[in-house]
Structures are given as structure tokens and as C-alpha cells.
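# Mind folding the following:
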Amino acid sequence: MQPSSILQGLQTIFIPSAAVVAATHSSEQHLLLAGAASVYGIQQTTVDSPALGLQLQQDPAALAAMLQVLSALPDAVMSKQTSVHPDRRTAVTDSLKQSSCAAPVLRAAICSGNPKLITLACQAVVSWCDLGCPPRCLETHTDVLDALSSAVLGRETAVPACDALAAMLTAVKESCSSSSSSTPSMQLLQQLAHQLQGNVLPALAAEHLTVLQTAADTAPYSAALRLHLGPEAEAAFCRVACAAAAALLQPVLQGTVQYQPLLEVLLQQLLLSVCVSDDGVAMMAVDFWQDCYIATLQALPLDHQASLLTQQQGVLKALTGALVQRTQLGPTAAAAATADARDLPEETRMVRREIASALRDIGALLGQQSMLCYVTQLVSNSYQHLCSTHTAAASSNTSSQASPAGLGLHDIAAGLTGGSWSLSAAEGMQHSIQHRSTSSTAALPGHLVPAACGGSAGWLPLESALYAANVVLGRQGSGAAEQQVQQLVQCAAAAVTHQGGSMKLAGTALTLLGGLAAWLANNSTSLPPVLTAVVAALQSPNEKLARNAATCIQRLCSCDDLAVLLTQSHGQFVQQLLQEYQRRGGLSSRLAEGSDDKPVEELLLLSVCSLAVAHTSNSSDMDSILLQLVGPQLTAAADELVAALHGNWPQQQQQQQAAPAVHGGYWHQKQQNQSQEQ
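Numbering: from 1, shown residues only. Sure, this is the predicted structure:
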């Protein structure tokens, strides 16, 4: 039997049994690996001896088998299929955590330069880190970490090397949360941070410049990995950036100054990933910001949270801008978008839901006023961008490629370097990215290419900003600041009918306006442009836009205070609703059976009834809205009754059939049905 077959049997049959019988001392894991090594004639008294690594490097087959044993051992210990008492499992797990038996084997493989052995070693590192801490003694082997950092750019080793780095960083974070700064985990964190700052990021920056031939502030370093090594490598490096930022965040907040420059660069990369990477990588970065960065700030004591949020306000604003830009529709989705948000692709809707959750969390940290001020600025700048691109297109038949001011990430500079990150406000913490090395790893994201986030259509930034404003306002629009909401209302109302807009932009703007009914009731001066916009959309030949407008009107009229205001001061608007309802033939026109949507006619009827109730409760005028609503039907019924009494029913019926229906589509349809029955 070949040794490889023996080791394969060892991995599949013996390892689970070994996990059961292993004692609480690391010597028995040493004996297990020593026994595996002896199959290949490698005799060594101590399996963690440096000489073992040298012997294994001379026999790649033995080294590969040993790596498979290393990968299988932690899995067997934690497997539910391994029958062992819980206390025994805990003891064995703790023993493996303290064992240094894996270090020489991993060192031999990672430093071998053999891609297959490096891959197996990285898999073993990931498996070992699942125990909750990285393999012991790796922090003392800088050559291992150097080789692992170099493997990040290897065509065959990029993904496993990134996975190993991310696993070690995650395990270090978990083990450091309950350990002192003198532990091996803290030493390994220092080594990993040094590798990232001194080797990995500079190498990626050079690759970025070579492959993309663009400045480092237009795309993250992972974009170069995508073009050079594929999308899996891009996602793998994003996992490294997320894990590293998560591991460094808490120490920096606690005053560890040495990690701040690296953390700043990592946050830049993750902001850029939110904006310009594919959805999978972007949402991975969003998860870091929401589940780690924001959650860490939320968990701070209240007395520390207030001061730190002031220092972090620039970062949070930059994050808000990145999230808003991420919601911009891609070229395909933008081309097919309608006024109905449900027509967007499910992937796009899912991304928007996730980003909406993150925006709400930021708003909870900053407060609605601060968040609303910034989002209003984004909306205003985006509207100016729409106007400028439309003007340029009208004059030169070309659309401007300039990004709307305020959607870039320039605020990151103030947020990262404008104050101390430490809760203790230690002196001397002046780590400005702009004044560090001229390497592209220190470049600040000054702007983003619009085409990377959804094409060059001028309405896209405004549509995403209005979507964000709707998320931020939520159900609290009535208590929001008057100045900011007034500016939002003006931009949204203008966007509905803007010649450079789109059906999707108009639909998003109408959704925002419909949610501001209570605010509009208390700020009537902003009402006229809103009514003009919704009536224009209601009369649109596009049925989906008309239905969106009818929904907006129904939401406005459902507010009692606003309904009273409309009937008392905006009679023309009420008459326009009545005329549109009658023009459409009332409820005789309905959507196809099986649809859960209310037709435009039904929404208009609900709106007019709400106005009628508000009118009759505040006026004794007999010529009420309700009478105007049913008046045409009553007139038609009276005409039919008179005709029947005078005996000229057939003649009257023929006249009504010959003439267009002006008294209401319902009675006209009823007369036709009666004629067919006779």
C-alpha cells in the first residue's frame, strides 16, 4: 500500500477517533502528527522541531499529506458527528488552541513556493482558525507571513492566501477581545498589520496602476485583482480588507495610534468598494460598515459616543454618499425602469433594501436633523447636475460626464484626519493621509466616475438621492426641519415634470411627495408646485406613471388636515380630480382580473371621497364635492326615468347610443347592456 493511501485512510477514518481519545495536553497531537510523518520515514522526536519542516520540504507528497491531516483535525474535533462528551470536546479544543504543532508544517508548505502546497497550507490555516484563534507560533515566523503576503498576487494562490489572511485576522479579533496586549494574538495582529501596510497594499497599489492605469482614488485595489486574477480574487481581497478593518477598529478607538494610518487606508478601500465594485463585493463592504463599524459606534458608552460621533461625522457622511451612489441604477436597469419600483430587477431591489437599512442605522447615530441636512445637500446637488446635463445635451447633443458635487468622497479626509479617533483624545495623533507617503496607497478618493455606478444619464444621481431622502424621512416627515424638507419638496416636484428626467425619476419623486402629506398640511406655501406636478403626472398617457400619481394623491388626501386645506383653498385641484375621474369613465374601467393593484379610477374615487368628507364637515354648501361626484349619474338616471314615463324610451336610448357618453361611463355601459338584453 502506498503511503498516500495510508494517509488518506488516516484522514477519513482515524482522525475522528483521534479527536475523541486526544488528551488535554498538546503532546498527543504531536504524537498524532509524528505518527503520520513516520509513514513516510520521517522520524522526529518532537513534531514542532524546525528540522521537521526541512525534512517535509524535501518530500512534497509527505508534506501534502501532513497538511490534509492538519486541516481535518480541527474539523473532526468540532464535528457533530464525532461522539464525545461536551466537556471532553471543550478540553480537546482548548488543547489544540494551545498547540504549536501546526507551525513547522505550515511554514514548510507556505515557504516552499509550490502553489499546490501553499493552497493546502492556507486551507489548513482557515480550518485551524475556525477553532477561534490562529495557529500558535506563526507570529514568530516572519518568513511565513512574507510568503503569504506575496501569494496574494499569485494567479493560483491569490484566493487561498486571502482567505488565510482574512481567517487569521478574524480569529485574532475574537481572541484579542478577551486577552491582554501581551498575548500571541496581539503579536500576530501587529505582524499582520505590518504585512498589509508594508507589503500587500503597496503591491496592490502598483498592480492597480499597471492594470487599470488610473489614479487610486477612482477604484479600489480589488478592481485590479479582478482584471488580473478574476472576480473571486477581488472578493477574497475584500474579505481581507473587511477583516483587517474590523480587527483594527476597536484598538484604534481605544487609543492604539500605530494602527490608525492603516485603518484609514482600509476604510477608503471599503468606501470605494461600496461605490464601484460589483454587487457581491459591494454588499460585502456594506456588511462591514453596518455590522462592524456602525455597530461598534452604537455600542460605545453614551458619554463617549457623543464626542466620538463628532469626530467621525465626516466618515459617516462619506459613507452616506457612497451608499446613495450605490443605489444608482445600472445601465440595463435604468433603460428598462418604469414609474413602478416593482419593475426593477430583484437583485437591484435587494441591494436597495440592504442599503436602506444601513442608511437608517446612520440616521440613528447622527440624528435625523444632521442626516437630513446631508441628504438634502445630495438632492440639491444632484438636481443641479440634472439641469446642467440637460442644458448641455440640448445645446450640444452630448451629455455631461461630470459627477454631481456632493456625491464624491472628499469628506473622508475631514472625517479621518480632522480629530482623534481615540476615546482618550491622546495627543500627537496627527496621521493625515494627504501628507504621508506619495505612494498611491495613501491617495484619497476625490471623485468617482459616474459611469461606474450606472451610466451617464443625468437623472440617475437625483433618483437615488430622492430614494435616500424617502428612507431618511420615513414616517417622521411632519417633525422634520422646515428648510430641508421645503428644499426636498421643490426638487421632487420639479423632477416629476423635468424634461431631462425619466418615468423612474418621476415615480420616485411622487413616492417622496406622497409621504409628506402631514408636513404639507403645516406648510401650505409649498403645496402649489406639488399639486401641479401630481396633476401633470396623473394626466400622463403612461398608465404606470398615472397610477403612481393617483397613489400619491390618495396618500395626500388621506391626511385629514391636508384634505380640509385642499377643499378650502385649492378648489381647482379638486375640480381637476373630478374631471379626470369622469374622463376615465369612473369605475367602468378596471384592470385585468387577478391584479392586486387598485386602478387609477378607484384611487381617484377614494381621494375624492376623502375630500368630500372633509368638505361636508366644514361647510353647509349644498353644492358639495360628493354631489358633484354623483351628479352626472343622477342626471343620467333622471333622463332615463323621464324617457320611460313619456313612452319614448327606444328613441331616447338610440340618441344616447349615438351620442358620446358625457354623464358617466357607468350608466352608459349599463344602457348598452340593457339594449342588448331587449
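# For residue 164, give its distance to residue 252.
Remark: distance between residue 164 and residue 252 (C-beta to C-beta, to the nearest Å) = 24 Å. Every C-beta, even on glycine, is put in place using the N, C-alpha and C of the backbone.
# what about the two, which has more around it?
residue 164 (29 against 21; other C-beta atoms under 10 Å).
# check contacts around that one.
121-122, 125-126, 148 (C-beta atoms under 8 Å, 6 or more residues apart in numbering).
# switch to 10 Å and redo it
Neighbouring residues of residue 164 by C-beta atoms under 10 Å, 6 or more residues apart in numbering: 106, 110, 118-119, 121-126, 128-129, 134, 148, 151-152, 157, 236, 240.
# Residue 282 now?
Shown in contact with residue 282 (C-beta under 10 Å, 6+ apart): 220, 238, 270, 272-276, 322-323, 326, 351, 354-355, 453.
# Counting by contacts, list what the longest helix belonging to the chain packs against.
For the chain, the helix with the greatest residue count under DSSP state H is helix 368-396. Judged by 3 or more C-beta pairs under 10 Å, 6 or more residues apart in numbering; DSSP states H and E, helix 368-396 is in contact with helix 302-326, helix 346-366, helix 460-473, helix 482-497.
# Pretty sure residue 173 sits against residue 247.
Yes: using C-beta atoms under 10 Å, residue 173 is in contact with residue 247, at 4.1 Å.
# Please identify which of those two sits among more neighbours.
Taking other C-beta under 10 Å, residue 173 and residue 247 do not tie; residue 247 has more neighbours (26 against 20).
# So for residue 173 and residue 247, which residues contact both of them?
Common neighbours of residue 173 and residue 247 are listed as 185, 189, 292 (criterion: C-beta under 10 Å, 6+ apart).
# Identify the residue spatially nearest to residue 143, adjacent ones excluded.
residue 111 (5.8 Å; C-beta to C-beta, 6 or more residues apart in numbering).
# Could you list which residues are in contact with that neighbour?
53, 57, 117-118, 121, 141, 143-144, 146-148 are the contacts of residue 111 under C-beta under 10 Å, 6+ apart.
# do residue 248 as well
The neighbours of residue 248, taking C-beta under 10 Å, 6+ apart as the test, are 169, 173, 189, 192-193, 196, 256, 258-260, 262-264, 266-267.
# try 8 Å
Residue 248 makes contact with 189, 193, 259, 262-263, 266 under the criterion C-beta under 8 Å, 6+ apart.
# Quick check: closest non-adjacent residue to residue 188.
residue 139 (4.0 Å).
# Correct me if wrong: the one you found contacts residue 194.
No: if you go by C-beta atoms under 8 Å, residue 139 and residue 194 don't touch, sitting 10.9 Å apart.
# the more surrounded of these two?
Neighbour count, other C-beta under 10 Å: between residue 139 and residue 194, residue 139 has more, with 23 against 15.
# Poorly predicted segments of the stretch 551-678 of the chain, please.
Scanning the stretch 551-678 of the chain for pLDDT under 70 picks out the ranges 587-596, 615-678.
# and if you look at the chain?
Using pLDDT under 70, the chain drops low at 1-54, 178-182, 212-218, 394, 396-456, 475-480, 587-596, 615-678.
# go again using 50 as the cut-off
1-47, 181, 398-403, 405-456, 591-594, 620-622, 659-668, 670-671, 678 (pLDDT under 50).
# quick revisit: residues in contact with the residue nearest to residue 188?
184, 187-188, 190-191.
# Repeat that for residue 603.
Shown in contact with residue 603 (C-beta under 8 Å, 6+ apart): 547, 550-551, 553-554.
# What does residue 131 show for phi and psi?
Backbone torsions of residue 131, given as degrees, to the nearest 10, read phi -70, psi -20.
# Residue 76 versus that one, what's the distance?
Look at residue 131 and residue 76: by C-beta to C-beta, they are 12 Å apart.
# What of residue 487?
The spacing between residue 487 and residue 76, counted by C-beta to C-beta, is 63 Å.
# again, but for residue 365
The separation that residue 365 has from residue 76, given C-beta to C-beta, amounts to 44 Å.
# Between these two, which is the more surrounded one?
residue 76 (22 against 17).
# From what I see, that one and residue 82 are in contact.
Yes: with contacts counted by C-beta under 8 Å, residue 76 reaches residue 82, the gap being 5.7 Å.
# Measure how buried residue 384 is and give me the count.
Residues within reach of residue 384, counting by other C-beta under 10 Å, total 15.
# repeat for residue 154
17.
# Next up, the contacts around residue 123.
67, 71, 160.
# Tabulate the CA atom coordinates of whichever strand or helix holds it in PDB.
Secondary structure from DSSP states H and E places residue 123 in helix 115-129. C-alpha atoms of helix 115-129 as PDB (Å, rounded to 0.1, in the frame of the first residue of the first chain):
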ATOM      1  CA  PRO A 115       1.200  26.700  -5.400                       C
ATOM      2  CA  LYS A 116      -0.500  23.400  -4.600                       C
ATOM      3  CA  LEU A 117       1.300  23.200  -1.200                       C
ATOM      4  CA  ILE A 118       0.500  26.800  -0.500                       C
ATOM      5  CA  THR A 119      -3.100  26.200  -1.200                       C
ATOM      6  CA  LEU A 120      -3.300  23.200   1.100                       C
ATOM      7  CA  ALA A 121      -1.500  25.200   3.800                       C
ATOM      8  CA  CYS A 122      -3.900  28.100   3.500                       C
ATOM      9  CA  GLN A 123      -6.800  25.700   3.800                       C
ATOM     10  CA  ALA A 124      -5.300  24.300   7.000                       C
ATOM     11  CA  VAL A 125      -4.900  27.800   8.400                       C
ATOM     12  CA  VAL A 126      -8.500  28.500   7.700                       C
ATOM     13  CA  SER A 127      -9.600  25.200   9.300                       C
ATOM     14  CA  TRP A 128      -7.400  25.900  12.400                       C
ATOM     15  CA  CYS A 129      -8.800  29.500  12.700                       C
END
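# Now do the buried residues in it.
117-129 (16 or more other C-beta atoms under 10 Å).
# Report the inter-axis angle for whichever helix or strand comes after that helix versus helix 115-129.
Following helix 115-129 in sequence order, the next helix or strand is helix 142-150 (DSSP H and E). For helix 142-150 against helix 115-129, the angle by axes from the mean of the first three to the mean of the last three C-alpha atoms, to 10 degrees is 110 degrees.
# Please identify the buried residues of the helix or strand just after helix 142-150?
Following helix 142-150 in sequence order, the next helix or strand is helix 158-176 (DSSP H and E). Buried residues in helix 158-176, counted by 16+ other C-beta under 10 Å: 158-176.
# ok, now stretch 549-566?
549-557, 559, 562-566.
# Mind checking which of the residues you listed land in helices?
549-557, 562-566.
# Can you redo these as TSV, where the extra columns are distance to residue 608?
Formatted as TSV, those follow (distance: C-beta to C-beta, whole Å):
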residue	distance to residue 608
549	14
550	11
551	14
552	15
553	9
554	10
555	14
556	12
557	8
562	14
563	10
564	14
565	16
566	11
